[in-house]
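[1] What shape does this take:
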Amino acid sequence: MSKIRRPRKTRKQKDSSKPNPLRIAKHSNKFTVSCCMIVKNECLNIRKALATVSPIVDEIIIVDTGSTDGTQGICREFEKVKLYEPKPILFMTKEEDGFDRIDFGANRNVAQSHAKGDWIFVLDGDEYVGETDGIHHHIER
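    Modelled structure (predicted):
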């Protein structure tokens, strides 16, 4: 006894019916860039970092992992900053000295999950974008 089958879709039809997660769409002929940062107690460095990256990105996502030195207040001074202060994600095991370690990979994933840009630029709280780095040129292109 034969079965009735639906006609097979061609490869082209399959590709067009499902969105390609790797295809990046332009927004008004411009790619958007999100900067993701994981910080803790960076009040001495964060202002310079934010001042240098703010002109070249569309948004700055900051995950603060428990600052106690006023880092959050400095972050709130910048218009493009979206500050998240979740409870830090820690490793499951304790180190030899008895302290839990912050799992920066998991916290970085939290930051990237909030990013809306086509591209993600990762920066540490004690880093900044220098004019001779060439980063401005690459992001503008």
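
[2] doesn't Q112 fall inside a helix?
    Yes - assigned with DSSP: H, G, I helix; E, B strand; the rest coil, Q112 falls within a helix.

[3] Relative to V63, how far out is it?
    From Q112 across to V63, the span is 9 Å (CB to CB, to the nearest Å). To be clear about C-beta, it is placed using only N, CA and C from the backbone, and glycine gets the same treatment.

[4] Which one's more surrounded, the two?
    Under the criterion of other CB atoms under 10 Å, the comparison of Q112 against V63 puts V63 first, with 26 against 15.

[5] Over to the more buried one. Which of the three states is it?
    The assignment at V63 comes out as strand when based on three-state DSSP.

[6] what's near enough to touch it?
    By CB atoms under 8 Å, 6 or more residues apart in numbering, the contact set of V63 is C36, M37, I38, V39, Y84, E85, P86, N107, R108, V110, A111.

[7] same check, this time on P86
    V63, N107, V110.

[8] Contact partners for the second one?
    In this structure, N107 makes contact with I38, V63, T65, P86, P88, I89, judged by CB under 8 Å, 6+ apart.

[9] same question, H114
    Listed by CB under 8 Å, 6+ apart, the contact partners of H114 are I61, K82, Y84.

[10] what about 10 Å?
    By CB atoms under 10 Å, 6 or more residues apart in numbering, the contact set of H114 is S34, C36, E59, I61, I62, V63, K82, Y84.

[11] bridging residues for the fourth one?
    With DSSP bridges applied, I61 shows beta-bridge pairing to C36, K82.

[12] you'd agree N109 is in a strand?
    No - counting by three-state DSSP, N109 falls outside a strand, being helix.
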